[in-house]
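Q: structure of the sequence below:
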Amino acid sequence: EQGIAPKKTLSVTDVFHGVFSSPPDVLRHGGDLVADVLEAHGVKFIFTLVGGHISPLLVSSKDRGIRIIDVRHEVNAVFAADAVGRLTGRPGVAAVTAGPGV
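A: Numbering: from 1, shown residues only. Have a look, this model is predicted:
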């Protein structure tokens with residue numbers, strides 16, 4: 001009976017080398033790169049005020065199993081990320097988009 005192989009945990013070095021050794025036919029964008037680093041650091045949640053400027057990051061993170069939690073104000077995203085960091089010892093991440101007039 002074969003078991004399911006455990007998911008390999010990526011180190012930041014693995015991510016760095018993977019970026020520059022990707023096959024030329026694989027198109028990656030900045031959201032993929034940031035999501036790779038977040039995954040390598042064990043991030044489980046991103047608290048966000050969703051907006052167009054950060055959509056690639058959010059889509060790539062969700063594809064990697066990082067839970068996206070939308071809040072109603074930027075400050076709440078930061079407070080929640082801080083709480084996650086303090087309670088779990090893992091990096092707490094807040095991602096917000098550009099404000100009015102930007």
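Q: which residues touch Gly30?
A: Contacts for Gly30 (Cβ atoms under 8 Å, 6 or more residues apart in numbering) come out as Pro56, Leu57. Quick note: C-beta positions are derived from backbone N, CA and C, even for glycine.
Q: now it: how far from Lys44?
A: Distance, Gly30 to Lys44, using Cβ to Cβ, to the nearest Å: 21 Å.
Q: Phe47: what secondary structure?
A: Following DSSP: H, G, I helix; E, B strand; the rest coil, Phe47 is assigned to strand.
Q: is it true that it touches Pro91?
A: No. With contacts counted by Cβ atoms under 8 Å, Phe47 stays clear of Pro91, the gap being 11.8 Å.
Q: more neighbours, those two?
A: Per other Cβ atoms under 10 Å, whichever of Phe47 and Pro91 has more neighbours is Phe47, with 24 against 15.
Q: dig out what the more buried one forms beta bridges with.
A: Note on Phe47: beta-bridge partners by DSSP bridges are Ile69, Ala94.
Q: contact partners for the residue nearest to the spatial centre of the chain?
A: By Cα atoms, centre = their mean, the mean C-alpha position of the chain lies nearest to Ala35, the distance being 3.8 Å. Contacts for Ala35 (Cβ under 8 Å, 6+ apart) come out as Leu57, Ser60, Ser61, Asp63, Arg64, Ile66.
Q: please, which helix or strand holds it?
A: helix 30-40 (DSSP states H and E).
Q: report the mean per-residue pLDDT for that helix.
A: For helix 30-40, mean pLDDT rounds to 92.
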